[in-house]
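>>> Task: produce atomic coordinates for the following.
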Amino acid sequence: MNQKELKELIEFLIEKDIAEFELERGDVKVRIKRGGEAHVSASEPDARFFAAHSAPPAAPVSVPAAKPAASTPPTKEAEPAVEEGLHAVRSPIVGTFYEAPSPGSPPFVKPGDVVEVGQLLCIVEAMKLMNEIESDVAGEVVKRLVANGQPIEYGQELFLIRPRA
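Numbers count the residues shown, from 1 in each chain. Here you go, the predicted structure:
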């Protein structure tokens, strides 16, 4: 099962509000559990979704449920509003956002930089793989919406870019 198939599977499970799912194909076993307490073989206990690939199953690892960041209920105001005419670059995957190729290196882009279509904006680490996120529009970077090293969700806005006229 490749990353694209796994992403589509997770999207389907969210759409159908399925909390737990297990699939076994030959020597590949995938188990996904959302919310609550999870018992899976996983190396990232902070992940919203857990997927375990294994030939022989390992001993289960107890992973505590994620705790809310604040006691106040989420509001629509918490989500950044896209200004008129700005293009939002969104994350195609769940992972960890990195603004630079390595710690101490300058960021790929910063607000005020002019970018071209296909120019590297950041890296999202997912399942120990570094995924390069490229600009899908030419223009000026207006704002970076996430912090370096921050966990991000599928579809989360990463950058706002003012497209070239």
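>>> ok, L86 to G95 distance?
Using CB to CB, to the nearest Å, we find L86 at a distance of 24 Å from G95. (C-beta placed from N, C-alpha, C; glycine too.)
>>> Which one of those two is surrounded by more residues?
The neighbour count for L86 versus G95, taken as other CB atoms under 10 Å, is higher for G95 (22 against 17).
>>> Which strand residues bridge the residue lying closest to the more buried one once chain neighbours are set aside?
Nearest non-adjacent residue to G95, counting by CB to CB, 6 or more residues apart in numbering: A126, 3.5 Å away. Judged by DSSP bridges, the bridge partners of A126 are L129.
>>> pretty sure A126 is touching I93, no?
Yes - counting by CB atoms under 8 Å, I93 is a contact partner of A126 at 4.9 Å.
>>> Next, show the common contact partners of the two.
Residues touching both A126 and I93 (CB atoms under 8 Å, 6 or more residues apart in numbering) are Q3.
>>> Would you list the phi and psi of H87?
Per-residue torsions, H87: phi -100, psi 130 (degrees, to the nearest 10).
>>> Give me the number of neighbouring residues for it.
Around H87 there are 17 residues (other CB under 10 Å).
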